[in-house]
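Student: Curious how this folds, go ahead:
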Amino acid sequence: MAGENMKMNTQQTLLATVLAPLALALAPVAGAKVTGIGGNDGSTAPALAPASCTGPSARAFDLTARAGHITLGDGNSLYVWGYSTDAEATPESGVMQYPGPTMIVCEGDTVTVTLHNQLPDNVSIAFPGQAGVTTGAGAPGLLTNEVLKYAVGAVPTPPTPVTYTFVASRPGTFQYQSATQPEVQMEMGLVGALIVRPQGFDNVAYGTYGVAAAARRAYASTASGYDVEYMFFESEMDRAVHEAMSEAVRDPAIARPNFANLKQTLWFLNGRNGPDTMIEVNAAWLPNQPYNALAQMHPGDRLLMRIIGAGRDLHPFHHHGNNAWVIARDGRVLESVPNSAVAYPDYVGISDLVSRNATLPNQAVSNFTIQTNPGSTYDALFTWTGRGLNWDVYANRPGHVPGAGCTAATRLPFEDPASHCQVFPVALPEQQSLTFGGLWSGSQYLGQVDPLPPLQGGLNPQGGFSFMWHSHTERELTNDDIFPGGMMTMLIVQAADSGATIE
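Tutor: As a prediction, the model looks like this:
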């Protein structure tokens, strides 16, 4: 036991040391919302994602496949391929992103994606889950028409782009990917997310479930309603293969690596290794990896997790703090018949949450680890209220410290009535006996920041409760076998009056 404790303390100290530089980046913390582009008529840069869906529209995207480099969790860079929305950039610019731009459209939209190519191989795009995809002229490929490779010569010849068109006929979480040698090109990075919002979108993932749109609350009165949403795009890479591919592309006389013998050593959430998963969106030093994976919420919120298995391995995504309810898989709601719903169990016992009349699809599955299969997507709802802790998470505040002044009337919104006014069950040891994580606020109470020793903590300026969300396969928490890294991020539950920005 002593050996295990020493190992745990060593790992916690290492984690705090590695995360310490994130303090400035996370203060104040910004929400890691699902960030994407909504498309337009193709004449200008892509627009922001649609804020509402009030009727079918035509949405156009212009993507270019090109090579570039991403920054790894250990500070090194790696040669990859990716999609870019900057059609004017050259092959030498390195302008691309991993994963590809998240395309956000509305149910019923006619979606047109025009693909350009600046890579030395033919490329294409497939849209799993979308029916009736039509393809413009191009080189016939195994699965769809392809854009010819970029001809490098005295006068480079950009190939003619290929256009793909489909109607986004149903809402859900999907991915798009290369359909040309996918075992090679998806590993190299040609993959991204597609989110289709339902018509009448008002923070609802899949539909109204019998509740009139005019009466629908933004956060709860439907089986797939939510307050905030976050994407967790899971993927992996073999560093050695990418390095060998870089050499082979630079010098065609060098044989390309065998992609049938991949040995993954790097794991990603939204295109980043931990701890970079928690750095802010669009960090300047991660120009080709714009998305983070830091989730935030208030007590009582319903957080929608959009999980995408974009690699070739299974990843068990484990979320501390509470079970999540899986409400859909591969864009299909888990229900016995359409619009079948049951009461949302996580609100039971908290009157001001019960009054929201929140529901779930009647075949939703409660789980604490979501087994993400390759090529599949999952939508899940997560809530944290502190219910069942049996101690008051606000007990540092007047009206919450057990005693005569602590009554039912002083309970804060969405606070567990059974835990309100309950004393914290243990006395914390002296600071000299503790090892501090970077996200420890110094207090066991929500929204409270207490003194810490010099150079300790600092990553949690609003005093939120932090829960690690990560792969449950231990090796996937490393960057080339060095812990911590890989598929690791945090959920931070922020007090409603903390001042933290949650988008």
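Student: Okay, strands next: where are they in the stretch 51-200 of the chain?
Tutor: Listed from the start of the chain, the stretch 51-200 of the chain has strands (DSSP state E, counting those that start in this stretch) covering 58-71, 77-84, 100-106, 110-117, 134-135, 139-140, 145-146, 162-167, 172-177, 191-197.
Student: okay, the ones you listed in CSV with mean neighbour count and mean pLDDT next?
Tutor: The way it works is simple: take the backbone N, C-alpha and C, and place the C-beta from them, glycine included. What follows is those, written out as CSV (neighbours: other C-beta atoms under 10 Å; pLDDT from 0 to 100):
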stretch, mean neighbour count, mean pLDDT
strand 58-71, 23, 95
strand 77-84, 22, 97
strand 100-106, 25, 93
strand 110-117, 21, 96
strand 134-135, 16, 94
strand 139-140, 12, 90
strand 145-146, 22, 92
strand 162-167, 20, 97
strand 172-177, 24, 95
strand 191-197, 25, 94
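Student: Any chance of those in JSON lines with distance to Ser376 as columns?
Tutor: Converted to JSON lines, the strands of the stretch 51-200 of the chain look like this (distance: least, C-beta to C-beta, whole Å):
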{"stretch": "strand 58-71", "distance to Ser376": "23"}
{"stretch": "strand 77-84", "distance to Ser376": "21"}
{"stretch": "strand 100-106", "distance to Ser376": "17"}
{"stretch": "strand 110-117", "distance to Ser376": "21"}
{"stretch": "strand 134-135", "distance to Ser376": "25"}
{"stretch": "strand 139-140", "distance to Ser376": "29"}
{"stretch": "strand 145-146", "distance to Ser376": "25"}
{"stretch": "strand 162-167", "distance to Ser376": "20"}
{"stretch": "strand 172-177", "distance to Ser376": "9"}
{"stretch": "strand 191-197", "distance to Ser376": "13"}
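Student: closest to Asp276 out of those?
Tutor: Checking the strands of the stretch 51-200 of the chain against Asp276 by C-beta to C-beta gives strand 58-71 as the closest, at 7.3 Å.
Student: Let me know which of the strands of the stretch 51-200 of the chain is the nearest to Gln264.
Tutor: Distance to Gln264, taken as C-beta to C-beta, is lowest for strand 77-84 among those, at 12.7 Å.
Student: what does that closest one rub up against?
Tutor: Contacts to strand 77-84, defined as C-beta atoms under 8 Å, 6 or more residues apart in numbering, come from residues 63-72, 95-101, 119, 185, 188-190, 192, 237, 239, 242-243, 245-246, 249, 266, 288.
Student: now it: how far from the chain's centre is it?
Tutor: Centre-to-centre, strand 77-84 and its host chain are 19 Å apart (C-alpha atoms, centre = their mean, to the nearest Å).
Student: how about the strands of the stretch 51-200 of the chain, which one is nearest Asn322?
Tutor: Asn322 lies closest, by C-beta to C-beta, to one member of the strands of the stretch 51-200 of the chain: strand 172-177, at 20.7 Å.
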